[in-house]
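Student: Here is a sequence together with a model predicted from it:
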Amino acid sequence: MSGASTNKSIPSDFRDFDSGFSFLIGVNQSLVNTLSVSILAELGYYHDSYDFKHNMSRDRITENYQFDSFLIGGFGKFHFSFFSLGIGGGIKIPISAVYKKEINSSANRYYLSRGDIKDIFQTSIIPYLKASLDFSIFNYALFGLYVNYDFPIKFQKNNFMDNILVNKNYMTGLDIGIQLGYFVNFEKYNR
């Protein structure tokens, strides 16, 4: 007999996709000929998915959380000729979520409001760190890779949905993906 691992923190597979969009606005300071640095504010929307698999008795249980969140953060970038390295962080503020619990082939879905999220988790924000490597194409299109780490968010011990949830400690996520962008240089329009 095996019990559920209630302290799983990183989702157990990569079957869900995260998506979103954000706007980065800030300043760029040239250091030398092909080297510059940017300080940017990031605002946007993000859709996060977290998947956890458990084995309890003879049942295989999958828990899936999908959050729709506002994104607020800061980002620093070092630009070297046609590519840039960036690192930053901020918070995701979940506005709504869907919790799905699948036992063998039977599934239940629960729609969670912002108030429900506050009742389930100790904090109703998701802090994150993000690093990126971007390539500039024709000086205005961007193609890049990123790594995003969501800090653990802990569950409250208040018995809200206690008879439904399997993972009752905390969860976190690590995303690796691609990003596309468009660069607008307002300075050249002011001359």
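Tutor: Sure, I can see it. Numbers count the residues shown, from 1 in each chain.
Student: what about the strands in this protein?
Tutor: Taking DSSP state E as the criterion, the chain carries its strands at 19-32, 35-56, 59-80, 83-103, 106-112, 126-137, 141-154, 170-182.
Student: if I read this right, I137 contacts G144, doesn't it?
Tutor: No. The pair I137 / G144 is not scored as a contact, 10.5 Å apart, by CB atoms under 8 Å. Every residue, glycine included, has its C-beta placed from N, CA and C.
Student: which one of the two has more residues nearby?
Tutor: G144 (18 against 11; other CB atoms under 10 Å).
Student: which residue sits closest to the more buried one, ignoring its sequence neighbours?
Tutor: Closest residue to G144 apart from its sequence neighbours, by CB to CB, 6 or more residues apart in numbering: D134 at 3.5 Å.
Student: From S22, how far off is that neighbour?
Tutor: The spacing between D134 and S22, counted by CB to CB, to the nearest Å, is 13 Å.
Student: Next: S132.
Tutor: 11 Å.
Student: Identify each buried residue in stretch 93-107, please.
Tutor: Within stretch 93-107, the residues scored as buried using 16 or more other CB atoms under 10 Å are I93, P94, A97, Y99, K101.
Student: For that stretch, output the C-alpha coordinates as PDB.
Tutor: Coordinates of the C-alpha atoms in stretch 93-107 are reproduced here as PDB (Å, rounded to 0.1, in the frame of the first residue of the first chain):
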ATOM      1  CA  ILE A  93      -1.800  37.700  -8.800                       C
ATOM      2  CA  PRO A  94      -4.300  34.900  -9.500                       C
ATOM      3  CA  ILE A  95      -7.700  36.200 -10.400                       C
ATOM      4  CA  SER A  96      -9.400  32.900 -10.900                       C
ATOM      5  CA  ALA A  97      -8.400  29.200 -11.100                       C
ATOM      6  CA  VAL A  98      -9.700  25.800 -12.100                       C
ATOM      7  CA  TYR A  99      -8.900  22.800  -9.900                       C
ATOM      8  CA  LYS A 100      -9.400  19.400 -11.500                       C
ATOM      9  CA  LYS A 101      -9.100  16.100  -9.600                       C
ATOM     10  CA  GLU A 102      -9.000  12.900 -11.600                       C
ATOM     11  CA  ILE A 103      -9.200   9.500  -9.900                       C
ATOM     12  CA  ASN A 104      -8.500   6.600 -12.400                       C
ATOM     13  CA  SER A 105     -10.900   7.700 -15.200                       C
ATOM     14  CA  SER A 106     -13.400   9.800 -13.200                       C
ATOM     15  CA  ALA A 107     -12.800  13.600 -13.000                       C
END
